[in-house]
Structure formats: C-alpha cells, structure tokens
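S.K.: Pasting the sequence and the predicted model now:
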Amino acid sequence: MILIISDHHDFSTSRVIDWLIHFRVEWFRLNSESIASFEMKISKEGKISFRVVSEGRSFGSEEVTYVWYRHGNLTYHIDPVHFPVSDKIRKHISYEWKTIANHINSILSDLPKIGNPSQGDDLNKIALLAKAAAVGLSVPETIITDSKADLIRFQLKQGRIITKGIQRNPAYTDDHTAYFTHTKEVDTEQVSNAPDYFFPSIFQELIIKVYEVRVFFLMDTCYAMATFPNSTASAIDIRNNQGKFPLRSTPYVLPVKIQNALIRLMANIDLNCGSIDLVVDENDNFYLLEVNAIGQYDDVSKRCNYQLDREIAKGLIG
Amino acid sequence: MYAACMPVRGFARGTICDLERNKLDIVSNELIEVIEECDQHSLDDVFQAYGDDNRQVLQSYIDWLLANEYAFKTTTPERFPKLEIEYQRPEVITNALIDVNKHSNHDFSSISKSLDALGCKDIQVRLFDYLNITSLLEIVSAFDETGIKSVELLCQYSDEISENEIQRICQSFPRVYLLVVHSSPFLKEIPGRSDSLSTMGNILYTTQKIVSEDHCGLIRPSQFSINTETYLESKNFNSCLNQKISIDVDGVIKNCPSMRFGYGSISEISLEEVATLPEFQRIWHINKDQIKVCRDCEFRYICTDCRAYAEGDSPTGKPSKCNYDPYTATWS
C-alpha cells in the first residue's frame, strides 16, 4: 500500500491518486490534522509498529510499501469538545505528540520513498547554497548582514545587488487581499537611506539572466523548463511579470554537467524529489538560486507536457 | 520556436497556434517552411540556402517571428526540445453527456455513481422539455459527493422558475459550472463567482430553442480552443468523442446522443461495461489527420469535431455542419 502524506487542499495529490487508481494499486492519503485515532506498539523483539485511523479508514505500518511525503506535518487532531484542555496542557501534549510524530517519520523514512518525511518541507536555504557550491554549482555572491557598512562594501564590490527573504519571501493576507513579495533590486539610494543597523537580511549579486530554469527533480531525472524574462522587473524575478501575456516558458534539457551536479546535490541533502531554481547568464553560466522540497510542479508539467503526476505515480509503484 | 507555438500547415495557408497565450495567427505556408528550415539548420545556413534574392523576405519573416515572441535566437538549440505530443489521462471517461425530455426516466443517482467510478470530471445535462424545480434539483443533487468537477445544465425557460431560483441552484450546488436557460424570451448573462482557477455558477438565458440533439455539431471559429490540452488531445484522439460517454433521451448508451448506434439501454447494461468495450472506444482514435478535408485544414488541432453529422455518412467524413473550405480558405 502506498502511503501519501499531504493536506486536504493539495490538488497535485488528487491527480497522482487518479493515476494510482488507473494503475490499480492500493493507496492511503493521510492529510494534515486528520489523525483521529492512533496506536503504537513496541514488541518484545524490539520492533515498533503503529496503526492510524483517519477520515474513516485505517492502516497499519506493516502494510506500507512506499511513502510519498508531499506536504505538511503529521498532527493529531485534538477535538476541543472532547478534549477541553487549557493552553498550557495543550502545549505539553503537542510536545508529547512531536516525539511520536518524529518516530513515525523515522519509521517511514526507512521505507522506499519519494520526498523525505523526516526532513519536512523546509530546507535551510543558507546551508543549501553552501552545499550547492560544494558540488561545483555556481551560486550568487551572498552576504547576510545587519550592518549598513557591510552592505555598502558589498554593493561597491558587486555592483548591482538584490534582496529577498532568507528562507521564504514574506507573504500575508488581510481581509480581502493576499500580499506577496518578490526578489527586489537594492539600489545605491536605498542603501544610503538604510539605518546603520537593521534586522539580518540577505543580499546577493544581481545576475542578469538570459533565462531562468525551473527543474522538477524526481528520482535522478531533471524535468526542466526555461522561462524567458521580457522586462527589467521580470529579469530580476520572473514572478514579477506585468506584461499582458504569460512569460514564454519552454521545455529544456540541462547540460549533462549541470544534471550530474544536481544529482550529487540532492543525494547530499537526502532528497529525491524537489524543485530547483537556476538562472543562466549571457556567458552561459548556471547559478543555483534555490531548492524547495515541496515543489508545485503542476505548471512545469502542463507547459512542458511532462505528465509529472503520472511519473510520480509510476515512481511510487516502484 | 518556443515549444508552445505550433506551426500548422494547411492546404492554402497555415496557422501558428500559440498554446501558451491562447491565440492564433494565420500565416502563409512559406512562413511555415521557413520555420521548418530554421528548426533544422542555423540561421546562416538558412540565409545561404534561400539566396540573395530572398534575403529581404526571409529577414522580414524572421523579424516578425521574433517580434511576436514566437521564436528566439539561441546558440544551444539542442537544449530546447519540442513539446512531447503524447496525451494520456488517468480516467476511463473524462466527460459525459446526458439528454432528457419529458418521457425520459433516467436514474440519476445510479448514473452519477457509475460516472464517478469511471473517473468522469465534466458532465453536461440537456433538458429539452420543461421540468419543474423539484426535478431539476433532483438531477443536480445526484452529483454531490462525487469526484465530478463540473456540471453544465441546459434547461427550458418557464415562468414557473424564477431567476432567483435559478441563481439559488448555482449557489447551493458548487459543481454547477454553467446553467443555460434555453427558449427564453430574453437574453441575459449572469457571471458566476471566480476563484483563482475558474469561474463557476455562470448563468446564461438564451433565446435559442434547444429542443433536441439536432442543434449540436456546428463548427465555428468561436468554438476554437487554443490551448495545450485541446491541441494534444486533437493530435492523438477525436476532439469531440474521446473519453466521452452519452445517454440519449430514451436511456440508450451511445458515444454521442446524435449518433444512431447504441450499445444498449442503461437499464440493461452499465456505463462501466460499455465504456471499456473496444468497439465503444474505437471512434475515440479517429483524429483530425484521418478525417477528410479536416486533414488539410490549418485549424484542425484547435477545432471541435462531429462524427454524428458527417459528409457521405462516412466514419471519416468532414463534419457536415462545417462551412469552411481549406482549399480556398473561405467560410461560406
């Protein structure tokens, strides 16, 4: 049986399940906050097994043959009506649950898998740049600093620079509108207006890209798509497209050298599935910008007709 | 060329189908030839092959392709493959068409269960005669709690059903994508609610009388659908009937209600049994490259098809309700 850890809203999970049904294999979708009942046993021989009830179905750990870690965390649903507990107690039991969940993840991580349950969905982006450089990929010159003096020095050395979120770009929603931020260029005027000290922020050299490459990495295969900027704003961040049409995106084959470096990088971070962002400058240098453990791959799949839902399902069948 | 920009050669002229920007340009077949040459050879070689006499024309073609963002220049063409033309869906059936008149006696709850089991995502129900609000609700509610994504409902106008009630149907059944009220004394369009992906619950009052399946099968430019999904499906399969199943007013299971041939009554054979029959699926494979006249048409991969009303009653005849002639490039 294929166990899928996801959440209710993830559309890609539903599409992969359509393919699992097509291939007639057993599956179980375990959504975040949906564990209704749980039992874990330690046998005399020292073997640990568990059983989960969720959304009217149940499974035992011994039935699981393959795991797809797609999204979210395993959380136990504490029904406020049946468990009317204070916040302090809630905090304590959630800590207790974490110990259980960590162990579930470690059992699942020992099984054949796509994605990595014990790693969660949040890779440390700073560590990642270092690891990318270690396998021979170029990364933009980067500093994280809280000092204006450092920033001025960095700008003098690099020329044009950008800033963005260190781990993720800030996004929030008020009553009616969702706000997203993108990578932005920081010019000399903004630097001279900055206070002497500020919260530690990331700055990188601005790479003038000919195109950006989004790679969906699945079990050592790179499904790549190149996207061409059409303006200065979208050249800094392709999500920043104010034009009438979507930016041009087209299927792409990475040079073998880059493919091999990505395979080494993903092996080093123990992840066999994820989305990787690269940019290519006018001298054909490839720079790695980011790796995301949970990639929204639907866009790449549709635009390039890669049928990634089917390929993931095939991977899960083994 | 960007992979989403598809040059299509017709008999008299060609098109560039921009599947990413959902638009179409009519071009000469000479331009399509230039595109094909540039796919295979470097620009320098192409200029050399065309010679000095054609240099200016060639340059203007290439400038036009670049300016319209159909093409780009690169020194690494091996990194830019074409789009895979393969098309495959996980479901057995993707769409269904159910016709109803005042004599029909369909069991919608069992139909809905069968369609759900087949993986069906989109359903159209056409009510040719007036049905009261209770019957309407009964039909729509049958699709609740299924994997069916969208329901399009055509019903006949009547004073008995107020606009308010029509709107309430759309509001209380989130699967209703479009509700068409036909034979209406007036024209009116009420847009539905939008989310990021689509607009659901649209209402259209039309004066057109849709009282039998004969209204179907028209081929018009307004029905062109310029996107990757349609293009790939049309390249591989029939652009109307692929993965479709239908039930006519008498309850007979067919590829399309307008077709004569039926596979038995819904009371005697299940939708699941019919859907997997090889003879039921055979017509799915008649793509536009096999259909007479269509195979020479520059619109063939963005157009609908009709196998019910075809010229010469042939399985590969041109849709008879199409009035485009690709040999002269004229609409009559």
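M.R.: On my side now, so go ahead.
S.K.: drop to CA atoms for contacts and neighbour counts, all remaining ones
M.R.: OK.
S.K.: Per-residue pLDDT of A:Ser201, please?
M.R.: We have a pLDDT of 89 for A:Ser201.
S.K.: tell me the phi and psi of it?
M.R.: In terms of degrees, to the nearest 10, the main-chain angles of A:Ser201 are phi -130, psi 160.
S.K.: Identify the residues contacting it.
M.R.: Residues counted as contacts of A:Ser201 (C-alpha atoms under 8 Å, 6 or more residues apart in numbering or on different chains) are A:144-146, A:163, A:165-166.
S.K.: Quick check: B:Asn242 touching B:His285?
M.R.: Yes - using C-alpha atoms under 8 Å, B:Asn242 makes contact with B:His285 at a distance of 7.3 Å.
S.K.: how much space between B:Val92 and A:Ile312?
M.R.: From B:Val92 across to A:Ile312, the span is 19 Å (C-alpha to C-alpha, to the nearest Å).
S.K.: should've said B:Trp331
M.R.: As judged by C-alpha to C-alpha, B:Trp331 and A:Ile312 stand 46 Å apart.
S.K.: Touching stretch B:51-67 from outside, list them.
M.R.: With contact meaning C-alpha under 8 Å, 6+ apart, stretch B:51-67 is reached by B:31, B:34, B:47, B:50, B:71-72.
S.K.: please redo it, this time with the cut-off set to 6 Å
M.R.: B:71-72 (C-alpha atoms under 6 Å, 6 or more residues apart in numbering or on different chains).
S.K.: Can you give the distance from it to the centre of its chain?
M.R.: Centre-to-centre, stretch B:51-67 and its host chain are 36 Å apart (C-alpha atoms, centre = their mean, to the nearest Å).
S.K.: Could you check the pLDDT of A:Gln242?
M.R.: pLDDT at A:Gln242 comes out at 69.
S.K.: Pull out the buried residues from the strand or helix carrying B:Glu165.
M.R.: Taking DSSP states H and E as the criterion, B:Glu165 maps to helix B:163-172. Judged by neighbour count (16 or more other C-alpha atoms under 10 Å in any protein chain shown), helix B:163-172 contains these buried residues: B:166-167, B:169-171.
S.K.: do stretch B:65-74 as well
M.R.: So, applying 16+ other C-alpha under 10 Å, buried residues of stretch B:65-74: B:65, B:69-71.
S.K.: okay, who's weakest in the residues you listed by pLDDT?
M.R.: Within those, pLDDT is lowest for B:Glu69, at 92.
S.K.: and that one, helix, strand or coil?
M.R.: coil (DSSP: H, G, I helix; E, B strand; the rest coil).
S.K.: cool, the one 4 residues further on as well?
M.R.: Three states are possible here, and by three-state DSSP the one that applies to B:Lys73 is coil.
S.K.: And it, how close does it get to chain A?
M.R.: B:Lys73 sits 11 Å away from chain A, going by C-alpha to the nearest C-alpha, to the nearest Å.
S.K.: same thing with B:Gln243?
M.R.: 14 Å.
S.K.: interface residues of chain A facing chain B?
M.R.: A:18-19, A:22, A:250, A:252-253 (C-alpha under 6 Å from any C-alpha of the partner chain).
S.K.: any chance of those in CSV, plus secondary structure and pLDDT?
M.R.: Formatted as CSV, these follow (DSSP: H, G, I helix; E, B strand; the rest coil; pLDDT from 0 to 100):
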residue, secondary structure, pLDDT
A:Asp18, helix, 94
A:Trp19, helix, 97
A:His22, helix, 94
A:Thr250, strand, 96
A:Tyr252, strand, 98
A:Val253, coil, 98
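S.K.: And the one helix or strand A:Arg90 maps to, how far out from the chain middle?
M.R.: Element membership of A:Arg90 [criterion: DSSP H and E] is helix A:87-109. In terms of C-alpha atoms, centre = their mean, the centre of helix A:87-109 is found 22 Å from the chain centre.
S.K.: Distance of the residue located most distally from the centre of chain B relative to B:Leu58?
M.R.: Of all residues in chain B, B:Asp52 has its C-alpha farthest from the mean position, at 44.9 Å, by C-alpha atoms, centre = their mean. For B:Asp52, the distance to B:Leu58 equals 10 Å [C-alpha to C-alpha].
S.K.: which residues sit in contact with A:Ser54?
M.R.: So A:Ser54 contacts A:34-36 (C-alpha under 6 Å, 6+ apart).
S.K.: returning to that earlier point: and the buried residues of stretch B:65-74, which is closest to chain A?
M.R.: For those, the residue nearest chain A by C-alpha to the nearest C-alpha is B:Glu69; the value is 7.9 Å.
S.K.: Can you list phi and psi of the closest one for me?
M.R.: Per degrees, to the nearest 10, the backbone of B:Glu69 is at phi 50, psi 40.
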